[in-house]
Each structure stands twice: as C-alpha cells, then as structure tokens.
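Chemist: give me the fold of what follows.
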Amino acid sequence: MKIKIISQKQNPVLKRKEITFEVEHKETRGTPSRLEVRKELASKLESDVELVYVKRMETRTGTMTAFGEATAYDSVEQARLVEPEHIITRNTPQEKPKESEG
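Modeler: Residues are numbered from 1 along each chain as shown. Below you'll find the predicted structure:
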C-alpha cells in the first residue's frame, strides 16, 4: 500500500490540516481499512495516530487506487469538538466482544 498526499492545507480556525490523498493498493488487492490508512497517514504527516481522522475513502471501479479525505488535528480535544461522532467511531478500533465463560 502506497499513500500519496495530493493536497494539504492548514485550517487555522478549526486547528487542523485538511488532506486529500491517494492510496495504491495493488499488493493487498482490496481497499485497505480506514485504520491501516490512518496509521500510514499519521506516519507520513509525522503526527500521532489519535489526531488523524479518515473522513472518506473510495476506490474507483476497475482500479487499484482509492482516493480520500482526512483531517489531522492539533489536539485530541479539538478533534472531539469538531468531528462528528460517526467519523470518530469509524476511526476507532472496535473492541472484540468477550466470550462468556461456562
């Protein structure tokens, strides 16, 4: 999976960077998960994973390239104030349900 940042602009009012990116996923064959893309974007932006949120990502039909939008905040508190709850939920790893004993 190769991530290429197409555009990046600073939004001082919302204290975040707004990013447009492209993901080539020929090796994985399928569209990578948001969590994988989030980790890769965080490392490219030299930011903490907790500050990066993938808002949208879609693969064009017949290609192995996905295009998407993400935001990288200055702080976790700012992200919680601005991002809608469903985006935060989508970018949070799901906890596995505990199996009941006996």
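
Chemist: now stretch 38-54: buried residues?
Modeler: 38, 40, 41, 42, 44, 45, 51, 52, 53, 54 (16 or more other C-beta atoms under 10 Å). C-beta: built from backbone N, CA, C; applies to glycine.

Chemist: please name every helix or strand in contact with the helix or strand in which the last one is found.
Modeler: It refers to residue 54. Assigned by DSSP states H and E, residue 54 falls within strand 52-59. The contact analysis (3 or more C-beta pairs under 8 Å, 6 or more residues apart in numbering; DSSP states H and E) places strand 52-59 against helix 34-44, strand 65-73, helix 85-90.

Chemist: out of those, which is closest to residue 18?
Modeler: Ranking those by proximity to residue 18 (C-beta to C-beta) places strand 65-73 first, at 5.7 Å.

Chemist: buried residues in the helix or strand following the closest one?
Modeler: Next helix or strand after strand 65-73 toward the C-terminus (DSSP H and E): helix 76-82. For helix 76-82, a neighbour-count test (16+ other C-beta under 10 Å) marks 79, 82 as buried.

Chemist: pull the CA atoms of helix 76-82 into PDB?
Modeler: Taking Å, rounded to 0.1, in the frame of the first residue of the first chain, the C-alpha atoms of helix 76-82 are listed here in PDB:
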ATOM      1  CA  VAL A  76      -7.400  15.300  20.600                       C
ATOM      2  CA  GLU A  77      -9.700  17.700  22.400                       C
ATOM      3  CA  GLN A  78     -10.100  19.800  19.200                       C
ATOM      4  CA  ALA A  79     -10.900  16.700  17.200                       C
ATOM      5  CA  ARG A  80     -13.600  15.700  19.600                       C
ATOM      6  CA  LEU A  81     -15.100  19.200  19.400                       C
ATOM      7  CA  VAL A  82     -15.200  19.400  15.600                       C
END
